[in-house]
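>>> coords below, sequence missing:
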Ligand code: HEM
């Protein structure tokens, strides 16, 4: 069996994720009728669509059986996958980073930042994060009652926090934002470099151009930080040694680029989505205003609601079986986090934004050995910003129509126009 062509084509169509309802409807049908089945969208190699929460966890629990490196970790057209292999000398992924390697290499690379991003290590960062959050809330209040929360707060605040911890100067933030948006939002004419709808080949070309710019930037960073180390995350990457050797050029650049892009765009999307949810639910706003201890639940439900990372791919390393389906060695599987986060078997009223979910089992940060390295920093950033916002706002509502980015990978709200009153 394979998925109906229209379902398969929709699952890779960034416009369906921008629409929201359209992708939700497709995954609802897939979960109900064929929760683990093969899709073959036009122009793509076939892959398994893993739509259920339990099946994603089962796969992520077995990293030796389901690899990240063997084929692209992001869904690519056949032509683009071939092009990437050609230009990397045979590797399946554009960058070699913690998210695109397996086994010992993954453990070693993850170990470079892991000790610095545990709940205990991020706790002392709270004071600096709160200072940055206050700057943004003050600035927002100066806008005089209306703003585009996505563009003017959510896309800038996590960027500033991350860049501060990485050790990137403020004047480089606009360039980092622009290149990140070009990498993750190549399908969206409002955010890509050309300003028009691009073909998959053009998207790949533009992404490679943005990656090359980041590589040049970070090559200089390595030289400087080896000479004069500081206590930023970039310095840890530049000076890390595995088995006594510095990281290879590709590992280094891949690490910086993954952290510098995935580390803020994801958090920005979740933050913008939380504001969208609050602004269209006066009761939710009032509930949290009355009881600030609900903010951690608001953040986790926000991550479930938005699911900023829509998928990652895995490749089977041997013949095996998942949920009664025979998977063959070499098969490609799409872990559909946005579907898992609406799974009726796990979440009551999955299409409702609720703060009373006990131990919210959302998979927005993934699961298993590759589970998000920055999840505790991301939660801290969002909690602190929400605390400062709820301290200062008397009311908030939508003042126009929000919109989401056109993308099937890392995305969420790109416009959240709000009207607010300070308390
Ligand atoms: C709301 C914010 C965030 C979301 C939704 C998110 C989501 C994810 C997801 C889904 C994965 C893949 C997990 C898997 O394969 O099971 C991941 C991995 C990763 N994330 Fe995040 N992320 C967020 C914030 C951050 C931040 C702030 C950083 C950096 C400080 C970061 C750095 C990473 C890295 C380095 C990996 C690769 C880990 C590995 O492969 O071992 N993320 N993230």
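Nice, thanks for sending it over. Owing to the predicted nature of the structure, the values given are computational and were not obtained by experimental measurement. Numbers count the residues shown, from 1 in each chain.

>>> ok, for residue 148, nearest residue in space, not its chain neighbours?
Closest residue to residue 148 in three dimensions, ignoring its sequence neighbours and counting by C-beta to C-beta, 6 or more residues apart in numbering: residue 417, at 5.3 Å. C-beta here means a position set from N, CA and C on the backbone, and glycine is covered the same way.

>>> which ones are touching that neighbour?
146-149, 398-402 (C-beta atoms under 8 Å, 6 or more residues apart in numbering).

>>> Which part of the stretch 51-200 of the chain gets nearest to the ligand, residue-wise?
When scored by C-beta to the nearest ligand atom, the stretch 51-200 of the chain has residue 99 as its residue closest to the ligand, at 3.9 Å.

>>> That residue is in contact with residue 258, isn't it?
Yes - at 5.8 Å, residue 99 counts as touching residue 258 under the criterion of C-beta atoms under 8 Å.

>>> Please identify which of those two sits among more neighbours.
Remark: of residue 99 and residue 258, residue 99 carries more neighbours, 23 against 19, as counted by other C-beta atoms under 10 Å.

>>> Got a ChimeraX select line for the buried ones in the contacts of residue 417?
Here is the ChimeraX command that selects the buried residues among the contacts of residue 417 (16 or more other C-beta atoms under 10 Å):
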select :147,148,149,398,399,402
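
>>> who in the protein is up against the ligand?
Within the chain, the positions near the ligand by C-beta under 6 Å from any ligand atom are 60, 98-99, 110, 258-259, 262-263, 266-267, 270, 303, 308-309, 312, 337, 364-368, 370-374, 377-378.

>>> just the buried members of the residues you listed?
For the residues of the chain next to the ligand, a burial check counting by 16+ other C-beta under 10 Å picks out 60, 98-99, 110, 258-259, 262-263, 266-267, 270, 303, 308-309, 312, 337, 364-367, 370, 372-374, 377-378.

>>> what's the single longest helix in this protein?
Under DSSP state H, the helix in the chain containing the largest number of residues is helix 249-279.

>>> That helix: which residues count as buried?
Applying a neighbour-count criterion of 16+ other C-beta under 10 Å, one finds 251-279 buried in helix 249-279.

>>> Residue 187 and residue 406 touch, don't they?
Yes - here residue 187 reaches residue 406: they are 4.8 Å apart, a contact under C-beta under 8 Å.

>>> Return every residue with contacts to both of the two.
What both residue 187 and residue 406 touch, as defined by C-beta under 8 Å, 6+ apart, is the set residue 14.

>>> what does the lowest-mean-pLDDT helix or strand in the chain rub up against?
Using mean pLDDT, DSSP states H and E, helix 173-184 stands out as the lowest-scoring helix or strand of the chain, at a mean of 88. Helix 173-184 is contacted by residues 155-156, 159-160, 163, 168, 191-193, 206-207, 209-211, 213-214, 217, 260-261, 264-265, 405, 407, 409-411 when judged by C-beta under 8 Å, 6+ apart.

>>> I'd like the next helix or strand past that helix.
Past helix 173-184, further along toward the C-terminus, the next helix or strand under DSSP states H and E is helix 200-227.

>>> if we can go back for a sec, give the contact list for the residue of the stretch 51-200 of the chain closest to the ligand.
Counted by C-beta under 8 Å, 6+ apart, residue 99 has contacts 68, 73, 258, 262, 312, 370.

>>> Please apply the same query to residue 263.
By C-beta under 8 Å, 6+ apart, the contact set of residue 263 is 158, 162, 166, 374, 377.

>>> Let me have these in JSON lines, extended by secondary structure.
JSON lines is the format used below for the contacts of residue 263 (DSSP: H, G, I helix; E, B strand; the rest coil):
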{"residue": "158", "secondary structure": "helix"}
{"residue": "162", "secondary structure": "helix"}
{"residue": "166", "secondary structure": "helix"}
{"residue": "374", "secondary structure": "coil"}
{"residue": "377", "secondary structure": "helix"}
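
>>> Tell me which two in the contacts of residue 417 are the farthest apart.
147 and 401 (15.1 Å; C-beta to C-beta).

>>> Would you mind giving the contacts of residue 263 as CSV with pLDDT added?
CSV is the format used below for these (pLDDT from 0 to 100):
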residue, pLDDT
158, 96
162, 94
166, 93
374, 96
377, 97
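
>>> of those, closest to residue 37?
The shortest approach to residue 37 among the contacts of residue 263 belongs to residue 374, at 32.2 Å (C-beta to C-beta).

>>> any idea how far the closest one lies from residue 401?
According to C-beta to C-beta, to the nearest Å, residue 374 and residue 401 sit 31 Å apart.

>>> Ok, residue 366 next?
31 Å.

>>> With residue 340 instead?
Distance, residue 340 to residue 401, using C-beta to C-beta: 28 Å.

>>> and if you look at residue 79?
Using C-beta to C-beta, residue 79 is found at 35 Å from residue 401.

>>> Residue 154 is in contact with residue 265, isn't it?
No - Residue 154 is beyond contact range of residue 265, at 10.2 Å (criterion: C-beta under 8 Å).

>>> tell me which residues in whichever strand or helix holds residue 85 are buried?
Assigned by DSSP H and E, residue 85 falls within helix 78-88. Using 16+ other C-beta under 10 Å as the burial criterion, the residues of helix 78-88 that qualify are 80-81, 83-84.

>>> Now the two most distant members of those residues.
Farthest pair in those, by C-beta to C-beta: 81 and 83, 7.4 Å.

>>> per-residue confidence for residue 319?
At residue 319, the predicted lDDT confidence score is 98.

>>> In contact with it, which residues?
Counting by C-beta under 8 Å, 6+ apart, residue 319 touches 326-329.

>>> among those, which are in helices?
In helices, defined here by DSSP H, there are no members of the contacts of residue 319.
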